[in-house]
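K.L.:
got a predicted model here, sequence first, then my questions.
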Amino acid sequence: MTSPDLPAPASILHVVAAALVDADGRVLLQQRPEGKPMAGLWEFPGGKIEQGETPEAALIRELHEELGIVTQGSCLAPAAFASETLGERHLLLLLYVCRKWTGIAEPRHATALRWVRPAQMYALDMPPADLPLIGLLDALL
Ligand SMILES: Nc1nc2c([nH]c(=O)n2[C@@H]2O[C@H](COP(=O)(O)OP(=O)(O)OP(=O)(O)O)[C@@H](O)[C@H]2O)c(=O)[nH]1
């Protein structure tokens, strides 16, 4: 049976991302570089889960590749998710809160980094999938 509320399933893009929280309660955002879809928007560091990876292993890998920081599974607290159409596909984004890592984050892939409070995110251009996450983070942190 079909329903207007249940469209044909799209292929799911599984993405993990982190709200890295500093001692002042600020969260790290990175700016997507030129040449990529949604260039210039501010997003949580992270990326696609690769074949055979757990979400936590994918996030640990992405944080190291993108920012040069090292964390571990026990420092990743599942916090929220986003579910959003993304072109022909459907994005499922798992957001973790992380308060403990080693190293100083540097923008290895991003154009820039910014530490912001959740309430400040409303004024930034972020991907549509991230917008419901702002209020959730604001309530959580
Ligand atoms: N990391 C991250 N990705 C997000 C967020 N919000 C959001 O819609 N996305 C989308 O989730 C996907 C993340 O995968 P990605 O970072 O590996 O993709 P990419 O296009 O940057 O790089 P790539 O395809 O060259 O690996 C992208 O389509 C990105 O636009 C977010 O807050 N953080």
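P.N.:
The structure has been received and is ready for your questions.
K.L.:
pick out the residue nearest the middle of this protein.
P.N.:
Closest residue to the average C-alpha location of the chain: Ala17 at 2.9 Å, with CA atoms, centre = their mean.
K.L.:
residues in contact with Glu34?
P.N.:
Gly40, Thr111 (CB atoms under 8 Å, 6 or more residues apart in numbering). The C-beta positions use only the backbone N, C-alpha and C, and glycine is treated the same way.
K.L.:
show the contacting residues for Ala39.
P.N.:
Ala39 touches Arg32, Pro33, counting by CB under 8 Å, 6+ apart.
K.L.:
now with 6 Å, please.
P.N.:
By CB atoms under 6 Å, 6 or more residues apart in numbering, Ala39 lies in contact with Arg32.
K.L.:
with just CA atoms, put the longest helix that the chain contains into PDB.
P.N.:
Ranked by residue count under DSSP state H, the longest helix found in the chain is helix 55-67. Extracted C-alpha coordinates of helix 55-67, given in PDB (Å, rounded to 0.1, in the frame of the first residue of the first chain):
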ATOM      1  CA  PRO A  55      29.500   5.100  13.300                       C
ATOM      2  CA  GLU A  56      31.900   5.800  16.100                       C
ATOM      3  CA  ALA A  57      34.900   4.600  14.100                       C
ATOM      4  CA  ALA A  58      33.800   6.700  11.200                       C
ATOM      5  CA  LEU A  59      33.500   9.800  13.400                       C
ATOM      6  CA  ILE A  60      36.900   9.200  15.000                       C
ATOM      7  CA  ARG A  61      38.500   8.900  11.600                       C
ATOM      8  CA  GLU A  62      36.700  12.000  10.200                       C
ATOM      9  CA  LEU A  63      37.700  14.200  13.200                       C
ATOM     10  CA  HIS A  64      41.300  13.200  12.700                       C
ATOM     11  CA  GLU A  65      41.200  13.700   8.900                       C
ATOM     12  CA  GLU A  66      39.400  17.000   9.000                       C
ATOM     13  CA  LEU A  67      40.700  18.600  12.200                       C
END
